[in-house]
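Participant: Curious how this folds, go ahead:
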Amino acid sequence: MAEQGQTIIIKKVKGGGHGHHGGAWKVAYADFVTAMMAFFLLLWLLNSVTQEQLEGVSNYFAPASIARTTSGSGGVFGGTAITSEGAMSSETASPTLTMDLPAPQAGSGLPESTEQEVSEQEISENQAEKVLKEKENQQFEEATREILDTIKDLPQLQQIVNSLVIDQTAEGLRIQVVDQEGLAMFSSGSASMLDPTRNALDLVAAAISKLPNEISITGHTDAVKYAGGESGYTNWELSADRANATRRALILAGVSPERLARVVGAADQDPLVSDDPRNPRNRRIAIVLLRGTGQTAE
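Facilitator: Numbering: from 1, shown residues only. Below you'll find the predicted structure:
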């Protein structure tokens, strides 16, 4: 029997509440942000590949074998070893085809057929340009032969054989009528054309009239200063006047005025004989059939 004066003490321990500033919500928020990043990455990938590539990816994640094997042993692997093809097949999944896909490219959404059409069009344009250049070079060669053959056939033109310099440059077919020692193309210090020059230009006009190219005419002088330079008339004006006299002569000989693209005077700035600025051959007229201009003649 308990003693009458004994005191019983009951101690109640209150459990601590959940921490107000715990870190569990941070983990949940990080998981949410990671999921959103993965979602937007997936959207970007879907936009950067073609439909054929998307189908390939879809098939890749549904692997199966079209083989339906049965086993007489009734074993787990259908009577085959784990390294055999039959052991890695599924009898319930749909048949699929595995594809090797190229790395996706951001912003590439053109179907393969469109890319092929663009490539074929570029090849076709390059081939057409090459054909036109070859045809133009052939026409230039024919014009050169015609001029040279005509000179050989006509005795009265023999004196201007060395006055014609014909070559092909990056700019086009260049036909130059140059002075020789003792045989000038123009009267001294003027744009008055002499008979040998007219004969040469008539011959040139007959050859180039058959071609469609636009024409550039440039007058050149030697480095001898113009005698009447005190009046302000210099080799610049003289070379330009001779170029214009050539323009008029070509038009009279049958060249269409619409084909004349440029008529300029270069004075002595572009000598034919660069190491001898006073050489008579620096006095010349350059007629150029410009490449890639006009419509190619058939």
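Participant: Next up, phi/psi of residue 180, please.
Facilitator: phi -110, psi 160 (degrees, to the nearest 10).
Participant: bridging residues for it?
Facilitator: residue 183 (DSSP bridges).
Participant: and it, what does it touch?
Facilitator: 162, 163, 280, 281 (C-beta atoms under 8 Å, 6 or more residues apart in numbering). Backbone N, C-alpha and C define where each C-beta goes, glycine included.
Participant: residue ranges with poor pLDDT in this structure?
Facilitator: For the chain, applying pLDDT under 70 flags the ranges 1-5, 11-22, 63-123, 156, 228-230, 295-298.
Participant: can you rerun that using 90?
Facilitator: 1-31, 39-164, 180-183, 188-189, 196, 199, 210-211, 225-233, 292-298 (pLDDT under 90).
Participant: what about the strands in it?
Facilitator: For the chain, the strands defined by DSSP state E cover 164-168, 172-178, 215-220, 260-265, 284-290.
Participant: In TSV: the ones you listed, plus mean neighbour count.
Facilitator: Converted to TSV, the strands of the chain look like this (neighbours: other C-beta atoms under 10 Å):
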stretch	mean neighbour count
strand 164-168	15
strand 172-178	21
strand 215-220	24
strand 260-265	15
strand 284-290	23
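Participant: How many neighbouring residues does the closest residue in space to residue 211 that isn't next to it in sequence have?
Facilitator: Among residues not flanking residue 211 along the chain, residue 139 sits closest, at 5.7 Å (C-beta to C-beta, 6 or more residues apart in numbering). Number of residues near residue 139 (other C-beta atoms under 10 Å) recorded here: 19.
Participant: what's the spacing between residue 139 and residue 126?
Facilitator: 21 Å (C-beta to C-beta, to the nearest Å).
Participant: Could you verify my assumption that residue 213 touches residue 174?
Facilitator: No: using C-beta atoms under 8 Å, residue 213 is not in contact with residue 174; the gap is 11.8 Å.
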